[in-house]
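Undergrad: Compute the structure for the input listed below.
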Amino acid sequence: MTTRQKVRLGLFAAIAVLLGFALADALGLRVSETGVVSPTGYVPIPHGNHVHYVPNGWNGEPSISNFPTSPPPEGMTVSPDGQIVPR
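TA: Residues are numbered from 1 along each chain as shown. Next comes the predicted model:
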């Protein structure tokens, strides 16, 4: 295998790893600050000119208007009904 082939193989492997992480984040397969599932128990959802904080796995019920527009304090999270509760 020539040096050029090794570099090309390494580049493709690096791109595949990056795409794998991006896909895992988008599908909620891993917990991360940038993904669909957050370790804090809630994720920010942009809504017009403000942001609502909803729990991981929120399915659209209840209305997004029931959820807080400021992040919960440290050690707290958002419940499925929109209340701020201890983690």
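
Undergrad: tell me the pLDDT at the residue most central in space within the chain?
TA: The centroid of the chain falls nearest to residue 35 when counting by C-alpha atoms, centre = their mean (2.2 Å). If you check residue 35, the pLDDT there is 70.

Undergrad: One more: residue 11?
TA: Looking at residue 11, its pLDDT is 97.

Undergrad: and if you look at residue 46?
TA: 91.

Undergrad: what about it, which SS state?
TA: strand (DSSP: H, G, I helix; E, B strand; the rest coil).

Undergrad: what separates the residue lying closest to the residue nearest to the centre of the chain once chain neighbours are set aside from residue 32, distance-wise?
TA: Sequence neighbours aside, residue 25 is the residue nearest to residue 35 in space, at 3.7 Å (criterion: C-beta to C-beta, 6 or more residues apart in numbering). For glycine as for every other residue, the C-beta is placed from the backbone atoms N, C-alpha and C. Distance of residue 25 to residue 32, computed by C-beta to C-beta, to the nearest Å: 6 Å.

Undergrad: Kindly report the same for residue 21.
TA: Residue 21 is 9 Å from residue 32, by C-beta to C-beta.

Undergrad: residues near the residue nearest to residue 35, how many?
TA: When neighbours are defined as other C-beta atoms under 10 Å, residue 25 has 17 of them.

Undergrad: re earlier: so the residue nearest to the centre of the chain touches residue 22, yeah?
TA: No - using C-beta atoms under 8 Å, residue 35 is not in contact with residue 22; the gap is 9.4 Å.
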